[in-house]
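Engineer: one predicted model, sequence on top.
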Amino acid sequence: MARRLEEIVARFGGQLRGDGKIVITGLAPLQTATESELSFLAHPKYRRELARTRAAAVILAPEFAAACPVAAIVTPQPYLYFARVSQWLAPPPPEAGIHPSAVVESPLPASVSVGAHCWVGRDVEIGEGSILYAGVKVYPGCRIGRRVIIHAGAVIGADGFGFAQDGEAWVKIAQTGRVVIGDDVEIGANTTIDRGALDDTVIEEGVKLDNQIQIAHNVRIGRHTAIAGCVGIAGSSQIGARCTIGGGAIILGHLRLADGVHVSAGTLIAKSIATPGSYTGTVPAAAHEEWRKNFAHLRHLDALADRIRALEARLAELEKK
Amino acid sequence: MARRLEEIVARFGGQLRGDGKIVITGLAPLQTATESELSFLAHPKYRRELARTRAAAVILAPEFAAACPVAAIVTPQPYLYFARVSQWLAPPPPEAGIHPSAVVESPLPASVSVGAHCWVGRDVEIGEGSILYAGVKVYPGCRIGRRVIIHAGAVIGADGFGFAQDGEAWVKIAQTGRVVIGDDVEIGANTTIDRGALDDTVIEEGVKLDNQIQIAHNVRIGRHTAIAGCVGIAGSSQIGARCTIGGGAIILGHLRLADGVHVSAGTLIAKSIATPGSYTGTVPAAAHEEWRKNFAHLRHLDALADRIRALEARLAELEKK
Amino acid sequence: MARRLEEIVARFGGQLRGDGKIVITGLAPLQTATESELSFLAHPKYRRELARTRAAAVILAPEFAAACPVAAIVTPQPYLYFARVSQWLAPPPPEAGIHPSAVVESPLPASVSVGAHCWVGRDVEIGEGSILYAGVKVYPGCRIGRRVIIHAGAVIGADGFGFAQDGEAWVKIAQTGRVVIGDDVEIGANTTIDRGALDDTVIEEGVKLDNQIQIAHNVRIGRHTAIAGCVGIAGSSQIGARCTIGGGAIILGHLRLADGVHVSAGTLIAKSIATPGSYTGTVPAAAHEEWRKNFAHLRHLDALADRIRALEARLAELEKK
């Protein structure tokens, strides 16, 4: 997959500085790139690495072109440019077709790739060019868009967690909705997306889900939202478009998050959020002893507030005299 | 699966109001139900939807019967009634029998359903009518009750996490206990339940586990307890009967939770709980800047308390004069 | 697998007290051990159980030898001794060889055991004596050391979560690094370890990972570090050697944790840690009403601090007079 620098520029644009005949065999970070590797400067904080790089060439923004000691591709969005080149130079994706060990109970387009030991139940539709890695399970009736990538071990369409109480026991509510996934979605390894109870669970186009995410029944996730690993979203919540949710966050059920909401890692969201912006609710970690000393007071904040109120009253009394 | 309203009442009881000949083709929420769909009113807050519903009929409690604009099934527990009807109208469960791609090393009753790519190791027992969806793995020696439902990708009986320290290295402790699961348990997709170290890990009858839960070795979960997604329960803890544990909660090891304890989502339980009731330990999320301002003080609570104490002393001194 | 006590001492050392001819058929805790079972006293808090035990013999430290009512194996590290005996008495591990249902696209040593429905992609290397339980997936190009144990459903080498923004959409960055796992690592059920973006994700020798852990791309975990269930480690973070990380903890990306750092369960680490020791950042759980009363103040800590400051100023003013 070796390419000349000029081939890359011919394909992806940008302004070439230096020798276009240089052969590029791969991509690497500024610090470790060798003389046949292409690198990139995506953030000003790596400027120092630029001066010392031994890369064949660097993808960078116009303001850093002068400081580049080697050949360069100048472009206003170097990280995006790098992403596109990375796909072009990468090993090819899994071949289209159904692995002989997979169990597929629905007709699929020839362009779909289904890996070893996948299970695709009855009445499932999968769009052109989608890829299911090994051991993905898709329950009956689900709909998956085009160019969707689903990583190993993900489970699409298992029953939502719905029960009615009967004395001390629980009676299952049949989960008869579907999971509907839009085009260009990516789903990480061992992530689970439950089918809806009556209506569907919906993942809109362009959503990116990392590994080990749990999406409960009847959730809707808006287009181009990106969610990091280990997040849990409880039933019937609606996440807007273009949101980001940090790793390990928990979103309670029946909430609405507006478009453009950014939830910090490890944050529990217990109320709907109507205003775009960043939201956080985490505790700063400290050395264990320091934490113990400070957090003892957490359980007495109300008493602390009472004491402040009492002090204010007594002081006002004194001041009057 | 179309049924007349009178057939439903004949089977499940309740008081019919309106035309029993109406044909019901499915269930739907009040807002979206059409004229051949049965709906339900399970919570007073949806009362307004009742007035506007276009459902064929509504399952509801006696106090709402008069307000219902369409036919009704009147019952004291509408949500439970709905659950039972939902099962009756739902597509049939997976057929009994072992999928040819499954690897089953123990004899199982003919009524058990084992999905594609499941692995059931040696010396495993599974009770009548249980269902294993695709890709469930059951390690040797485990015991699974009757009518248990295990969703795709769940792992039952992997080794518990037990090691003894040998200098800087860890020496594995053989995990020779089993997982023992009672009747009528449901286990969600990609949930993991480890085998005991010496004794067993026990999930009592009627327990409901959502997706991606981790149950460590030698845990015991009491009957009819329900646990939401992404919960982790550390080794040797004992959860009582009829508890509920919210999504993403963490229960540390070697604890005992009484019967009827309800743990809020996202809460860490670090001590045993002897009294039934609800327990919470979460941080309210806020706009990021507001959070930053307030949480800076969290690391200085001890100093804040000292300042209040000093103020109290100085004020007492002044008041004496 | 019955063994005489003297055989155990001959193999693992320690000082035998009592009849070496006693036949041991298994291991059990002090409380439940029967007259053919070997037990152990690993912590002084179980001393009382020692007095009442009905075990055949007990593994214990010299200071408890005199108090032992039955035969004993005296050793300075009883828990470690127990670990070794447990392996010897345990059922044999899975047989070497590739299960016929596994899909293995790389040559492996004959001593490796690959369970049912595993997938091992192209250009994978696995060292002597490693064990993959059922349904493990190893993506192409990964390197796994010797005597590694990987439990069911784990996914090694799925794509890291890397995207560049293009307007409102996300463009995938090809993930072309590998996962490199050292010797004697153990990986729990349904744990996921992503391949690096350009460089590798590295798990050093002797690391122990529990179930449902998520390790993002380009993370490095130092030798003999042990991580409990449900932990998430974000991209490019480096965890030192001999660390322990408690269940459900979240480590943000691009951080460095020194050797010998211990992170408490449920703690979010948002900054690098340069000093060995224990770190905590959790909220103590309380009865729900108590929590509500106290935590209302959390959102007004800044105002509370302002009021204390105002009180101090007013009081100083009064004191001057």
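Structural biologist: Structure's in. What do you need?

Engineer: contacting residues around A:G182?
Structural biologist: A:G182 makes contact with A:145, A:202-207, A:223 under the criterion Cβ atoms under 8 Å, 6 or more residues apart in numbering or on different chains. For glycine as for every other residue, the C-beta is placed from the backbone atoms N, C-alpha and C.

Engineer: at 6 Å what do you get?
Structural biologist: With contact taken as Cβ atoms under 6 Å, 6 or more residues apart in numbering or on different chains, A:G182 is in contact with A:145, A:204-205.

Engineer: closest to A:T280 among those residues?
Structural biologist: A:E204 (25.1 Å; Cβ to Cβ).

Engineer: shouldn't the closest one be in contact with A:G222?
Structural biologist: Yes: using Cβ atoms under 6 Å, A:E204 makes contact with A:G222 at a distance of 5.4 Å.

Engineer: quick one: the helices in the stretch 1-150 of chain A?
Structural biologist: Taking DSSP state H, counting those that start in this stretch to define them, one finds helices in the stretch 1-150 of chain A at A:5-12, A:47-52, A:78-89.

Engineer: which of these is buried the deepest?
Structural biologist: helix A:78-89 (a mean of 20; mean count of other Cβ atoms under 10 Å in any protein chain shown).

Engineer: still on that earlier bit, need the helices of the stretch 1-150 of chain A in TSV with distance to B:T280, can you?
Structural biologist: Shown next, in TSV, are those (distance: least, Cβ to Cβ, whole Å):
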stretch	distance to B:T280
helix A:5-12	52
helix A:47-52	47
helix A:78-89	41
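
Engineer: rewinding a little: okay, the contacts of A:G182 in a markdown table with neighbour count next?
Structural biologist: Formatted as a markdown table, the contacts of A:G182 follow (neighbours: other Cβ atoms under 10 Å in any protein chain shown):
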| residue | neighbour count |
| --- | --- |
| A:G145 | 21 |
| A:E204 | 20 |
| A:E205 | 18 |
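
Engineer: how about the residues of the stretch 151-300 of chain A that lie near chain B?
Structural biologist: Residues of the stretch 151-300 of chain A lying close to chain B by Cβ under 6 Å from any Cβ of the partner chain are A:153, A:155, A:158, A:161, A:163-164, A:166, A:168-171, A:173-174, A:176, A:190, A:192, A:198, A:214, A:232, A:234, A:250, A:252, A:267-269, A:277-281, A:283-284, A:293-294, A:297.

Engineer: among those, which are in helices?
Structural biologist: A:293-294 (DSSP state H).

Engineer: checking A:L318 next. Helix, strand or coil?
Structural biologist: Under DSSP: H, G, I helix; E, B strand; the rest coil, the three-state class of A:L318 is helix.

Engineer: err, A:A303, not the other one
Structural biologist: helix.

Engineer: next, the contact list for it, please.
Structural biologist: Counted by Cβ under 6 Å, 6+ apart, A:A303 has zero contacts.

Engineer: flag the shaky bits of chain A, pLDDT-wise.
Structural biologist: Applying pLDDT under 70 to chain A flags residues A:1.

Engineer: could you chop it up by domain?
Structural biologist: Listed domain ranges for chain A are A:3-89, A:97-279, A:288-320 (source: automatic domain parsing).

Engineer: excluding chain neighbours, what is closest to A:V202?
Structural biologist: In this structure, A:V202 finds its nearest non-sequential neighbour in A:R220, 4.5 Å apart by Cβ to Cβ, 6 or more residues apart in numbering or on different chains.

Engineer: again but with A:R3, I slipped
Structural biologist: Ranked by Cβ to Cβ, 6+ apart and with sequence neighbours excluded, the top spatial neighbour of A:R3 is A:I24, at 5.3 Å.

Engineer: ok, now A:P44?
Structural biologist: Per Cβ to Cβ, 6+ apart, closest to A:P44 is A:F64, 8.0 Å.

Engineer: over to A:I193?
Structural biologist: In space, A:I193 is closest to A:I215, 4.4 Å off (Cβ to Cβ, 6+ apart).

Engineer: doesn't A:T191 make contact with the one you found?
Structural biologist: No: A:I215 is not in contact with A:T191 according to Cβ under 6 Å; the separation is 7.6 Å.

Engineer: thinking again about what came up before, would you list the buried entries among the residues of the stretch 151-300 of chain A next to chain B?
Structural biologist: A:153, A:155, A:158, A:161, A:163-164, A:170-171, A:173-174, A:176, A:190, A:192, A:198, A:214, A:232, A:234, A:250, A:252, A:267-269, A:278-281, A:283-284, A:294, A:297 (16 or more other Cβ atoms under 10 Å in any protein chain shown).

Engineer: quick check: A:K293 vs chain C, distance?
Structural biologist: Applying Cβ to the nearest Cβ, to the nearest Å, the value for A:K293 to chain C is 11 Å.
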